[in-house]
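K.L.:
I need the structure of the sequence given here:
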Amino acid sequence: MTEVIFANKGIKETSYTPTTMVFLSDDLEDCLRIFPWKKNVYWNKSDTGDVTVYAVSKEPVGVDIEYKKERPFEKISRRYFHTHEVTNNKEVFYDLWCKKEAYTKWKRGKIAENMKANIDRPLIRLKHHLPDNVVGYLCT
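P.N.:
Okay, here's the model as predicted:
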């Protein structure tokens, strides 16, 4: 099982040794310095607006965050999502988009090839320390 902790900007060290940490930071070197494991480390970055997160892990990892702005959700979801996922709902759209993008990053795949695919991995919603208008998911 993946153990994840979310580290707010400014954390200096941790005595806990999770397999994955998500940092609300734009400084990868600082994130890697704090991460308790030093060899065979995977990382992934996502940013939206002025918010940046890094996911650092002992295993392959993908992360995505998105600022929830108005868009033609139904039109976009018809183009990219599976037919049973088409939606005009802002919350549903961003949940699906972030899940699929985090999953694609975990697979090291191409987004266009994975938007209609079913996700066969558990995802963790990033709730802590993100602004209310930003949604994010982690895939490990």
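
K.L.:
nearest residue to the residue minimising distance to the centre of the chain other than its sequence neighbours?
P.N.:
With distances taken as C-alpha atoms, centre = their mean, Val63 lies nearest the centre of the chain, 2.2 Å away. Spatially, and ignoring its direct neighbours in sequence, Val63 is nearest to Ala55 (3.9 Å; C-beta to C-beta, 6 or more residues apart in numbering). Quick note: C-beta positions are derived from backbone N, CA and C, even for glycine.

K.L.:
can I take it that that neighbour is in a strand?
P.N.:
Yes. Using DSSP: H, G, I helix; E, B strand; the rest coil, the assignment for Ala55 is a strand.

K.L.:
start and end of stretch 73-90, how far apart?
P.N.:
7 Å (C-alpha to C-alpha, to the nearest Å).

K.L.:
coming back round to it: check the spacing between the residue nearest to Val63 and Met115 real quick.
P.N.:
Distance, Ala55 to Met115, by C-beta to C-beta, to the nearest Å: 20 Å.

K.L.:
please apply the same query to His84.
P.N.:
From His84 to Met115 the distance is 13 Å (C-beta to C-beta).

K.L.:
out of the two, which sits in the more crowded spot?
P.N.:
A direct count of neighbours by other C-beta atoms under 10 Å for His84 and Met115 places Met115 higher, at 20 against 6.

K.L.:
just list the residues touching that one, thanks.
P.N.:
Tyr80, Phe81, Lys100, Thr104 (C-beta atoms under 8 Å, 6 or more residues apart in numbering).

K.L.:
average model confidence for stretch 69-89?
P.N.:
Here stretch 69-89 scores 96 as its mean pLDDT.

K.L.:
neighbouring contacts of that stretch?
P.N.:
So stretch 69-89 is contacted by Lys90, Phe93, Leu96, Lys100, Met115, Lys116, Ala117, Asn118 (C-beta under 8 Å, 6+ apart).

K.L.:
closest one to Arg125 out of these, please.
P.N.:
Leu96 (12.3 Å; C-beta to C-beta).
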